[in-house]
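Visitor: let's see this in three dimensions:
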Amino acid sequence: MSIEERKNLSSTVIQNLVLENREKLSISGVLDVLSFDDQVVVVETELGLLNVKGENLRINKLSIDTSEVIVEGDIYNLLYSEKDTDKKTTSLIGKIFK
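Guide: The predicted structure follows:
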């Protein structure tokens with residue numbers, strides 16, 4: 001995604017991340033929770049994939065109606081990555097039987 005495309009997208013999409021004391025993260029603009037365990041939560045947002053890393057992570061609120069997720073635990077790292085709509089990801093079993 002180019003910088004111009006990102007500027008156009010960000011002018012129409014509002015997303016908030018509120019981190020309180022590195023223990024409670026409120027995320028708006030959530031499309032889906034792709035995976036989660038006690039160390040990593042992967043959330044698909046309108047602005048890309050968001051990886052939340054830490055310890056003892058748990059999802060305390062998940063509302064698809066309001067597009068909001070609240071993650072609690074010891075949060076160490078927040079990382080955005082681009083949505084990859086052009087490439088098709090294939091599972092390991094899909095690659096084996098290709």
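Visitor: what pairs with the one helix or strand residue 56 maps to, and is each one parallel or antiparallel?
Guide: Assigned by DSSP states H and E, residue 56 belongs to strand 48-63. In the sheet, strand 48-63 lines up against strand 40-45 (antiparallel), strand 68-81 (antiparallel) (DSSP bridges).
Visitor: please identify the buried residues of that strand?
Guide: Neighbour counts over strand 48-63 (16 or more other CB atoms under 10 Å) mark 48-50, 52-54, 57 as buried. Using the backbone N, CA and C atoms, a C-beta is placed for each residue, glycine as well.
Visitor: what does stretch 64-79 give?
Guide: 69, 71-73, 75.
Visitor: nearest to residue 39, of those?
Guide: Distances from residue 39 to those, taken as CB to CB, are shortest for residue 73 (8.9 Å).
Visitor: what sits against the closest residue to the closest one other than its chain neighbours?
Guide: The spatially closest residue to residue 73, leaving aside those adjacent along the chain, is residue 57, at 3.8 Å (CB to CB, 6 or more residues apart in numbering). Neighbour list for residue 57: 36-41, 71-75 [criterion: CB atoms under 8 Å, 6 or more residues apart in numbering].
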